[in-house]
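Novice: Sharing a model prediction with you, sequence too.
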Amino acid sequence: MTPNEIIEVVQAFIDGKVIQHRLKREGHWVDSIPLWDFVNFDYRARPTPGEWFIYKYPDNQIGTYSAPSAKMIKVREVLEDQ
């Protein structure tokens with residue numbers, strides 16, 4: 001990790017964000033109480049899934065524009081590597 005990345009993740013920890021770690025450039029990210037071993041581990045703040053709204057029309061089409069007959073649906077991103 002670069003010095004700026006280290007500062008960023010430590011600041012995220014100070015700000016109360018959940019920190020994740022993994023062995024250097026391999027393995028799955030896991031939530032952790034960081035021990036700050038930057039030689040053997042990578043760290044990051046746990047990503048936040050994006051959320052947005054789309055509209056479903058009576059003919060089952062999906063779009064981003066509202067219409068009187070459209071139903072608003074909230075969509076949440078699924079993050080694979082958590």
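Specialist: Perfect, thanks for sending it.

Novice: Strands of the chain, start to end?
Specialist: Along the chain, the segments classed as strands by DSSP state E run 19-23, 30-32, 41-45, 51-56, 62-63, 71-76.

Novice: rank those by mean pLDDT and give me the bottom one.
Specialist: Ranked by mean pLDDT, the strands of the chain bottom out at strand 62-63, which scores a mean of 88.

Novice: can you list contacts of that strand?
Specialist: Ile54, Tyr55, Lys56, Tyr57, Ala70 (Cβ atoms under 8 Å, 6 or more residues apart in numbering). Glycine gets a C-beta too; all of them are placed from N, C-alpha and C.

Novice: again, 10 Å this time
Specialist: With contacts defined as Cβ atoms under 10 Å, 6 or more residues apart in numbering, strand 62-63 is touched by Ile54, Tyr55, Lys56, Tyr57, Ala70, Ile73, Val75.

Novice: any idea which of these is closest to Gly16?
Specialist: Checking the contacts of strand 62-63 against Gly16 with Cβ to Cβ, the nearest one is Val75 at 26.5 Å.

Novice: Can you report how many residues neighbour Pro34?
Specialist: Residues contacting Pro34 under the criterion other Cβ atoms under 10 Å number 14.

Novice: Kindly report the same for the one 10 residues further on.
Specialist: The criterion is other Cβ under 10 Å. On that basis, Arg44 has 17 neighbouring residues.

Novice: residue contacts, the closest residue to it other than its chain neighbours?
Specialist: Excluding the flanking residues, the one nearest Arg44 by Cβ to Cβ, 6 or more residues apart in numbering is Gln20, at 5.5 Å. By Cβ under 10 Å, 6+ apart, Gln20 lies in contact with 9, 28-32, 34, 41-47, 81-82.
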